[in-house]
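> Here is my input; please provide its structure:
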Amino acid sequence: MATRAQVTQLLSEGRSFETAAAELGISPGEAFMIATGVPADGSDDPHPDELDQQNPLPASPQHLSNPPASNPTSNSAVLDWVRRRARHELTSPPS
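Sure thing, here's the model as predicted:
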């Protein structure tokens, strides 16, 4: 498990949450939470007294909380299977 000291050290060296997380083998959202104590998805707002005690948070860390969605429109393995299945159906005698 990465420590706050490790994450903040990498950030102080100029790395982003994404690159620091990759170096530590964790997700960017996890790196953000370790460094700030606040979830990147915005599900927990710090108390105003807590805000006074810490460094300013990035304006919009939401993009760190989840990887980007991937919705491929095709899959070559599926298309190959459909072609084989269709070829088999078209060349097989009816039962």
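
> Mind jotting down where the helices sit in this structure?
Here the chain has its helices, by DSSP state H, at 4-12, 17-24, 28-36, 48-53, 76-91.

> Between these, which one is closest to residue 65.
For residue 65, the closest of these is helix 28-36, at 4.2 Å, according to C-beta to C-beta. In this view, the C-beta of every residue, glycine as well, is placed from N, C-alpha and C.

> so what secondary structure elements neighbour the closest one?
The helices and strands touching helix 28-36, judged by 3 or more C-beta pairs under 8 Å, 6 or more residues apart in numbering; DSSP states H and E, are helix 4-12, helix 17-24.

> Go through the shortest one and flag the buried ones.
Spelled out, it's helix 17-24. Buried residues in helix 17-24, counted by 16 or more other C-beta atoms under 10 Å: 17, 20-21, 24.

> Let me have the residues you listed in TSV, extended by pLDDT and distance to residue 9.
As requested, the buried residues of helix 17-24 are arranged in TSV below (pLDDT from 0 to 100; distance: C-beta to C-beta, whole Å):
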residue	pLDDT	distance to residue 9
17	89	13
20	94	9
21	93	13
24	95	10
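
> pLDDT below threshold where in this structure?
In the predicted model of the chain, residues 42, 44-48, 50-60, 67-68, 95 satisfy pLDDT under 70.
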